[in-house]
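> Task: produce atomic coordinates for the following.
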Amino acid sequence: MIQSEKILSAVRAQSALIHNITNYVVMNWTANCLLAVGASPVMAHAGEEAQAMTGLASALAINIGTLSEPWVKSMRLSMDTAQHKKIPIVFDPVGVGATSYRTDTARQLLDDACPTVIRGNASEINALAGLESTTKGVDSVDASNLAIESARKLANSYECVVCVSGAIDFVVEKNKIYEIKNGHPLMARVTGMGCAATALIGAFVATGESPFDATVAAMTVTGIAGELSAKKSSGPGTFQVNYLDFLDQMDGNLIRTYQKAKLL
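Numbers count the residues shown, from 1 in each chain. Predicted coordinates:
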């Protein structure tokens, strides 16, 4: 069993700076989730400081949710700096498959600098791997298990970890697959849950643990927090407040009691 409790403790002990170039729909939410788990967020999108800010960070989270050419330039500069300085890169291909611009941009960025982790929903992972995929804007139409082979293909192509999120999360690395069954359907009714998961993976890989183990730990923690939050919530509004509280309160006892993760 992956030591999610140990990795969470390392996240809090290090309080690593995570540089996020993310979409403006979720900036506040993502920053609060990182703070709640014990990391330190920064959102810097200007090309003039992208390289300098990335150089200060312990991980870089790239999210292409609201694309524009200036932001793409900043993403490219930041990813190049992170690769040169061996800073982990977590890449979120939001909405890939919806438009050719979005799909082409994601592939170009990944060709320029290989990520440490790719996290996306099933439709995004399938589209990124070159398969026919149906999306509903930035939401997945495919079940997560239908993207396992695409995740394996991407993991081999980029020599990285791939996380397929959904009702069941799968973390894939070459010939290794972990299944995580924590979470709740209410999570799909709050915008930015996947984006926040990407940033949290950044905080966990920043600890220096293996990217595979760190990704499993991050997805386990976010799933348990979602599961427990749903039990206390009357709807998506109260869910958000409770989710932040449970990220803050997450500990070894909660992880041991509620985790539903296994190696396949």
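> Let me know the secondary structure of the closest residue to residue 94 other than its chain neighbours.
In space, and not counting its chain neighbours, residue 94 is closest to residue 65: 4.0 Å by Cβ to Cβ, 6 or more residues apart in numbering. Quick note: C-beta positions are derived from backbone N, CA and C, even for glycine. Judged by DSSP: H, G, I helix; E, B strand; the rest coil, the three-state class of residue 65 is coil.
> In this structure residue 65 contacts residue 195, no?
Yes - contact criterion Cβ atoms under 8 Å: residue 65 and residue 195 qualify, at 6.6 Å.
> which residues do the two both contact?
Common neighbours of residue 65 and residue 195, counting by Cβ atoms under 8 Å, 6 or more residues apart in numbering, are 22-23, 25-26, 92, 94.
> Out of the residues you listed, the closest to residue 36 would be?
residue 26 (14.4 Å; Cβ to Cβ).
> Now do the closest one against residue 47, distance only.
21 Å (Cβ to Cβ, to the nearest Å).
> In a helix, residue 177, correct?
No - looking at residue 177 with three-state DSSP, it is strand, so not inside a helix.
> pretty sure it contacts residue 171?
Yes - at 7.1 Å, residue 177 counts as touching residue 171 under the criterion of Cβ under 8 Å.
> Which secondary structure state does residue 148 sit in?
Taking three-state DSSP, the label given to residue 148 is helix.
> From residue 49, how far off is residue 151?
On the measure of Cβ to Cβ, residue 151 and residue 49 end up 33 Å apart.
> Give me the distance between the residue nearest to residue 94 and residue 25.
Taking Cβ to Cβ as the measure, residue 65 falls 6 Å from residue 25.
> Run a quick neighbour tally on residue 251.
11 (other Cβ atoms under 10 Å).
> Excluding sequence neighbours, find me the nearest residue to residue 252.
For residue 252, ignoring the flanking residues on the chain, the nearest one in space by Cβ to Cβ, 6+ apart is residue 5 at 3.8 Å.
> where does the one you found fall, phi/psi-wise?
phi -60, psi -40 (degrees, to the nearest 10).
> so what's residue 244 up against?
32-33, 36.
> picking that back up, may I have the residues that are in contact with the residue nearest to residue 94?
By Cβ under 8 Å, 6+ apart, residue 65 lies in contact with 22-23, 25-26, 92, 94-95, 138, 195.
> Spell out the residue ranges of the strands in the stretch 51-200 of the chain.
Using DSSP state E, counting those that start in this stretch, the strands of the stretch 51-200 of the chain run over 59-63, 89-92, 117-121, 135-136, 139-140, 161-165, 169-173, 176-180.
> can you put those in CSV and add distance to residue 75, mean pLDDT and mean neighbour count?
Shown next, in CSV, are the strands of the stretch 51-200 of the chain (distance: least, Cβ to Cβ, whole Å; pLDDT from 0 to 100; neighbours: other Cβ atoms under 10 Å):
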stretch, distance to residue 75, mean pLDDT, mean neighbour count
strand 59-63, 5, 98, 29
strand 89-92, 9, 98, 30
strand 117-121, 14, 97, 30
strand 135-136, 21, 52, 16
strand 139-140, 22, 50, 19
strand 161-165, 19, 97, 30
strand 169-173, 24, 98, 26
strand 176-180, 28, 97, 19
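> so can I have CSV of those showing distance to residue 242?
Output for the strands of the stretch 51-200 of the chain, formatted as CSV (distance: least, Cβ to Cβ, whole Å):
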stretch, distance to residue 242
strand 59-63, 24
strand 89-92, 24
strand 117-121, 23
strand 135-136, 27
strand 139-140, 23
strand 161-165, 20
strand 169-173, 20
strand 176-180, 20
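> Tell me which of those strands sits nearest to residue 188.
Smallest distance to residue 188 across the strands of the stretch 51-200 of the chain (Cβ to Cβ): 8.1 Å, for strand 139-140.
> sorry, back to before: which two of the shared contacts of residue 65 and residue 195 have the greatest separation?
So, the shared contacts of residue 65 and residue 195 by Cβ to Cβ: farthest apart are 25 and 92, at 12.5 Å.
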